[in-house]
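Asker: the following comprises the amino acid sequence and a computationally predicted model.
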Amino acid sequence: MTAGISFLFIIAPQPLQRSISGLPANISLLKTTAASASSNPNIPVQPTTANVNPLSGCAWQKLAGIYSQDVLYASNQTGVSRKLLAAVIHVESRASNVVSHAGAVGPMQLMPSTAWRILHVNPWKPRQNIVGGARYLRRLLAIFHGHLRLALEAYNAGPTTVAQGNIPIPAKVYARQVIALAA
């Protein structure tokens, strides 16, 4: 999950890094369902289609690249916003099926041990990788009470590190990039 952070930090466009301070606080994280809205009021839900800009509908598909159908499937399975999943995929792997120097695998850059033992998915299969990453992100959102920045930092640096307050700078940069793209 820390895969590629060093090169992302170097090649990230400056306007992306400077635009972070003005982000809206209520970025859509999860899809609206009666169950999710009533079960945890702390987790923001995705707005209904009535108040979504129709022109922004394909932006997440561009971020997800060849995995847009898999992102849609994972979003439907887990309730995590497709925009958020596509942003994670874009920042993690630039929508390619790669292996990082740290050993993270696939579009969502899952560590194989986490994928097999905790998420019960095959990290080498893109659809399972994306569904596993979506499940993990959903879990982190629950652990961090719907706080998107902390959940993304934990996705990158590990939940124990974030819970202890020892958040590395690359994890902070990672979270800002994903939030900017998911907005």
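Answerer: Ah, there it is. Residues are numbered from 1 along each chain as shown.
Asker: Leu110 bridge partners, please.
Answerer: Following DSSP bridges, Leu110 is listed with bridge partners Val105.
Asker: ok, it - contacts?
Answerer: Leu110 sits next to 1, 104, 119, 121, 123, 129, 132-133, 136 when contact means Cβ atoms under 8 Å, 6 or more residues apart in numbering. (Each C-beta comes from the backbone N, C-alpha and C, glycine too.)
Asker: can I assume Val162 is in contact with Ile143?
Answerer: No: using Cβ atoms under 8 Å, Val162 is not in contact with Ile143; the gap is 9.2 Å.
Asker: compare the two and say which one has the larger neighbour count.
Answerer: Shown here are Val162 and Ile143; by other Cβ atoms under 10 Å, Val162 has more neighbours (25 against 15).
Asker: leaving out chain neighbours, which residue sits closest to the more buried one?
Answerer: Nearest non-adjacent residue to Val162, counting by Cβ to Cβ, 6 or more residues apart in numbering: Ala154, 4.2 Å away.
Asker: the helix or strand containing Glu153: which residues count as buried?
Answerer: If you go by DSSP states H and E, Glu153 is part of helix 148-157. Going by neighbour count (16 or more other Cβ atoms under 10 Å), the buried part of helix 148-157 is 148-157.
Asker: low-scoring stretches of the chain, by residue?
Answerer: Within the chain, the ranges that satisfy pLDDT under 70 run 1-57.
Asker: helices along that one, start to end?
Answerer: 5-11, 14-18, 34-39, 59-64, 68-78, 82-93, 112-113, 126-143, 148-157, 159-163, 169-182 (DSSP state H).
Asker: got the contact list for Arg127?
Answerer: Counting by Cβ under 8 Å, 6+ apart, Arg127 touches 70, 73-74.
Asker: which of the helices of the chain is buried the deepest?
Answerer: Most buried of those, by mean neighbour count (mean count of other Cβ atoms under 10 Å): helix 82-93, with a mean of 26.
Asker: elements contacting that helix?
Answerer: Helix 82-93 is packed against helix 59-64, helix 68-78, helix 126-143, helix 148-157, helix 169-182, with contacts defined by 3 or more Cβ pairs under 8 Å, 6 or more residues apart in numbering; DSSP states H and E.
Asker: the last one versus helix 126-143: what angle between them?
Answerer: Here the directions of helix 169-182 and helix 126-143 differ by 100 degrees (axes from the mean of the first three to the mean of the last three Cα atoms, to 10 degrees).
Asker: put the alpha carbons of helix 169-182 into PDB.
Answerer: Extracted C-alpha coordinates of helix 169-182, given in PDB (Å, rounded to 0.1, in the frame of the first residue of the first chain):
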ATOM      1  CA  ILE A 169       4.600  12.500   5.200                       C
ATOM      2  CA  PRO A 170       4.200  10.300   2.100                       C
ATOM      3  CA  ALA A 171       1.000   8.900   3.600                       C
ATOM      4  CA  LYS A 172      -0.300  12.400   4.100                       C
ATOM      5  CA  VAL A 173       0.600  13.400   0.500                       C
ATOM      6  CA  TYR A 174      -1.100  10.200  -0.700                       C
ATOM      7  CA  ALA A 175      -4.300  11.000   1.200                       C
ATOM      8  CA  ARG A 176      -4.400  14.500  -0.200                       C
ATOM      9  CA  GLN A 177      -3.900  13.300  -3.700                       C
ATOM     10  CA  VAL A 178      -6.700  10.800  -3.400                       C
ATOM     11  CA  ILE A 179      -9.100  13.300  -1.800                       C
ATOM     12  CA  ALA A 180      -8.400  15.900  -4.500                       C
ATOM     13  CA  LEU A 181      -9.100  13.300  -7.300                       C
ATOM     14  CA  ALA A 182     -12.300  12.000  -5.500                       C
END
